[in-house]
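Peer 1: Have a look at this prediction, sequence included:
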There are 2 protein chains.
Amino acid sequence: MSRKTMVRPGGRSARVQASVHAAVRELEAEVGREALTVPLVATRAGVTPSTIYRRWGDLQELLSDVAVERLRPEKAPRDRGSLRSDLEDWAEQFLEEMSAPTGRAYLRDALLGDPDGSNAGQCSAYAAEQIDVILGRAAGRAETAPDVETVLDRVVAPMMYRILFRPEGLDTAYARELVAGLVGTTDR
Amino acid sequence: MSRKTMVRPGGRSARVQASVHAAVRELEAEVGREALTVPLVATRAGVTPSTIYRRWGDLQELLSDVAVERLRPEKAPRDRGSLRSDLEDWAEQFLEEMSAPTGRAYLRDALLGDPDGSNAGQCSAYAAEQIDVILGRAAGRAETAPDVETVLDRVVAPMMYRILFRPEGLDTAYARELVAGLVGTTDR
């Protein structure tokens, strides 16, 4: 089990985590990501460097945690009235955020400083939760809908693959095509 | 344009690259990846550390180059007599190699020390070339076939997404399902 699962909300441990995360975000904005060091973050957060090493192992793991936190969706996907529109809307926004320079930097950090794979898994879980909300709404409208794993395979995976491996010419029309390929073009 | 595009085969530059890559591979096997440093690699390769820094920037970029080299397919995909069998065979092998601990480590290295994205692009180009061979054979047999980009979206992307973000329970049956979903189950 990774260190971070031991954090209790509201306890000292949660306060340390909040102040260290905040220090990373501030310093990233002020001095840039490349200039970050554990001692620098520790000083800003008001903790000792050894607190950071004990909890996160190294700078890369800390940056990975901060990145996942930033990739957490802030609200439920918009309700546009149909499965297809909801998926299109969500997929376009996902593609835009993840393919932007900041999104790519967070994705990279999340994947990179993540020895046990739990941060990458968390990124995927965020996407699955959002899709779940969309599919739940579709069920409420008695629309026929694929399952979450199929949406991950057919919509999320191709976007993520192209963001990471083949970003040239990627645009939101691609997100709409993927959705159309999955849920068809007749039920609009 | 990245440094490595300036390498001429057969020249001094190519010899330096070959000996540095070989040094990385040997030392990885002997002391493990975590213990690698630029001075250690330089000593083994018989070059100065500054040669490595000048050419690769840092250790991560060097490891990224070595990883891409290792991810290069060694031979053309097997000809199993039909599009579906060829794709299944290739996809199963791809999934097996990439999801193995060594494959995952190379993928990670390839993506990580890759500021301009050219190594990730090269990984995707390798897959596209192999698929191209398979689709060329299908055309020779007058089989109906999707295009390369569609195979990337429907077969390669889901495998890669799950390897990186959602590896639990991944097996070769999944590769076959993806192929079946794309080329159908009737033309076997």
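Peer 2: Yep, it's here. As the structure is a prediction and not an experimental result, all values here were calculated from the model.
Peer 1: residues in chain A within reach of chain B, list them.
Peer 2: Residues of chain A lying close to chain B (Cβ under 8 Å from any Cβ of the partner chain) are A:108, A:111-112, A:117, A:120-121, A:123-124, A:152-154, A:156-158, A:160-162, A:164-168, A:178. Bear in mind the C-beta positions are built from the backbone N, C-alpha and C, glycine included.
Peer 1: Just the buried ones from these?
Peer 2: Buried members of those, scored by 16 or more other Cβ atoms under 10 Å in any protein chain shown, are A:108, A:111-112, A:117, A:120-121, A:123-124, A:152-154, A:156-158, A:160-162, A:164-166, A:178.
Peer 1: quick revisit: give me the subset of the residues of chain A next to chain B that lies in helices.
Peer 2: The helices, defined by DSSP state H, take in A:108, A:111-112, A:120-121, A:123-124, A:157-158, A:160-162, A:164-165, A:178 from the residues of chain A next to chain B.
Peer 1: which among those gets closest to residue A:49?
Peer 2: Nearest to residue A:49 out of those is residue A:112 (Cβ to Cβ; 20.7 Å).
Peer 1: who are the neighbours in contact with the closest residue to that closest one other than its chain neighbours?
Peer 2: Using Cβ to Cβ, 6 or more residues apart in numbering or on different chains and skipping the chain neighbours, the partner closest in space to residue A:112 is residue B:112 (5.3 Å). By Cβ atoms under 8 Å, 6 or more residues apart in numbering or on different chains, the contact list for residue B:112 reads A:108, A:111-112, B:60, B:63-64.
Peer 1: Please apply the same query to residue A:160.
Peer 2: Contact partners of residue A:160, counting by Cβ under 8 Å, 6+ apart, are A:98, B:157, B:161, B:164-165.
Peer 1: Let's have these in CSV, adding distance to residue A:141 and pLDDT.
Peer 2: Formatted as CSV, the contacts of residue A:160 follow (distance: Cβ to Cβ, whole Å; pLDDT from 0 to 100):
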residue, distance to residue A:141, pLDDT
A:98, 28, 94
B:157, 29, 98
B:161, 28, 97
B:164, 33, 93
B:165, 29, 93
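Peer 1: What is the nearest of these to residue A:79?
Peer 2: Taking Cβ to Cβ as the measure, residue A:79 lies nearest residue A:98 of the contacts of residue A:160, at 22.0 Å.
Peer 1: mind checking the end-to-end distance for stretch A:96-105?
Peer 2: Stretch A:96-105 has its terminal residues 13 Å apart, counting by Cα to Cα, to the nearest Å.
Peer 1: Buried residues in it, which are they?
Peer 2: By 16+ other Cβ under 10 Å, the buried positions in stretch A:96-105 come out as A:98-99, A:103-104.
Peer 1: now stretch A:16-36
Peer 2: Under 16+ other Cβ under 10 Å, the buried positions of stretch A:16-36 are A:16-17, A:20-21, A:23-24, A:27-28, A:36.
Peer 1: Can you say which two of those are spatially most distant?
Peer 2: Checking the buried residues of stretch A:16-36 with Cβ to Cβ, the most distant pair is A:16 and A:28, at 18.6 Å.
Peer 1: what residues are up against residue A:135?
Peer 2: Applying Cβ under 8 Å, 6+ apart to residue A:135 gives the contacts A:83, A:145-148, A:151.
Peer 1: out of the residues you listed, which are inside strands?
Peer 2: Among the contacts of residue A:135, none falls in strands (DSSP state E).
Peer 1: List buried residues within these.
Peer 2: Buried among these by 16+ other Cβ under 10 Å: A:83, A:145-146, A:148, A:151.
Peer 1: what's the farthest-apart pair in these?
Peer 2: Longest distance between any two of the buried ones among the contacts of residue A:135 is 12.9 Å, between A:83 and A:148; criterion Cβ to Cβ.
Peer 1: how much space between the residue nearest to residue A:112 and residue A:184?
Peer 2: Distance, residue B:112 to residue A:184, using Cβ to Cβ, to the nearest Å: 39 Å.
Peer 1: before we move on, what about residue A:85?
Peer 2: The gap separating residue A:85 from residue A:184 is 13 Å, by Cβ to Cβ.
Peer 1: Compare these two (neighbour count), which wins?
Peer 2: Neighbour comparison, residue A:85 and residue A:184: the larger count goes to residue A:85, with 17 against 11 (by other Cβ atoms under 10 Å in any protein chain shown).
Peer 1: wouldn't residue A:132 be in contact with residue A:148 here?
Peer 2: Yes - using Cβ atoms under 8 Å, residue A:132 is in contact with residue A:148, at 5.7 Å.
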